[in-house]
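**Student:** Below is the sequence, then the predicted model.
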Amino acid sequence: MALSADMNLPAGKPGNSRRLIVDKLFADLAAGRVEDCVAAFTDDLKMEVPFQSPGMTWKCRSKDDVRALFTWVSENFRPFGIEASQSWEMESDGLVALYATDAVRERTGRPYQNDYVGLFFFEGDLVSHWVEYHNPMVTVVALGR
């Protein structure tokens with residue numbers, strides 16, 4: 001499933017500081033720099049993917065949790081690409097971003113190409129809460145489940 005090309009969403013503002021933080025997080029994740037990814041979060045972070053297949057729901061509540069998630073991603077998808085296409089600032093501490101992955105599940109050789117809507121909330125220059133919505137069936141197919 002892909003985002004509809006006829007959605008006609010308003011253009012986001014490129015270059016805002018929150019978007020730059022998310023872009024760096026995605027670049028670090030794509031490059032497998034797990035510790036740099038972890039450093040982008042507050043100590044009391046919350047990261048969740050609420051709509052996922054049973055047994056695959058991720059809820060990170062610590063840097064160790066998010067480290068385990070990003071390690072799993074970097075070990076299971078090669079190459080792994082992730083990039084934001086649009087974003088919108090939320091008052092007073094948030095960002096909504098549309099982004100997509102272009103990856104291959106290493107064990108199955110199956111492509112993983114998913115579209116996402118992410119809600120990012122910040123404390124200063126660190127991500128404190130990230131909620132991610134995507135099509136869980138794309139993940140199931142790529143993982144071979």
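**Tutor:** Okay, I see it. Not measured: the values here are computed from a predicted model.
**Student:** contacts and neighbour counts: CA atoms only from here.
**Tutor:** Noted.
**Student:** Pull up the pairing partners for the longest strand along the chain, direction included.
**Tutor:** Of all segments of type strand in the chain, defined using DSSP state E, the longest is strand 77-90. Partner strands for strand 77-90, per DSSP bridges, with pairing direction: strand 94-105 (antiparallel).
**Student:** returning to that earlier point: next, the buried residues of the longest strand of the chain.
**Tutor:** 77-84, 86-89 (16 or more other CA atoms under 10 Å).
**Student:** what's the lowest-mean-pLDDT helix or strand in the chain in contact with?
**Tutor:** Taking mean pLDDT, DSSP states H and E as the measure, the chain has helix 136-143 as its least confident helix or strand, at a mean of 79. Contact with helix 136-143 is made by 1, 51-53, 104-105, 108, 110-114, as judged by CA atoms under 8 Å, 6 or more residues apart in numbering.
**Student:** Inside strands: which ones of these?
**Tutor:** Using DSSP E, these in strands are 104-105, 111-112.
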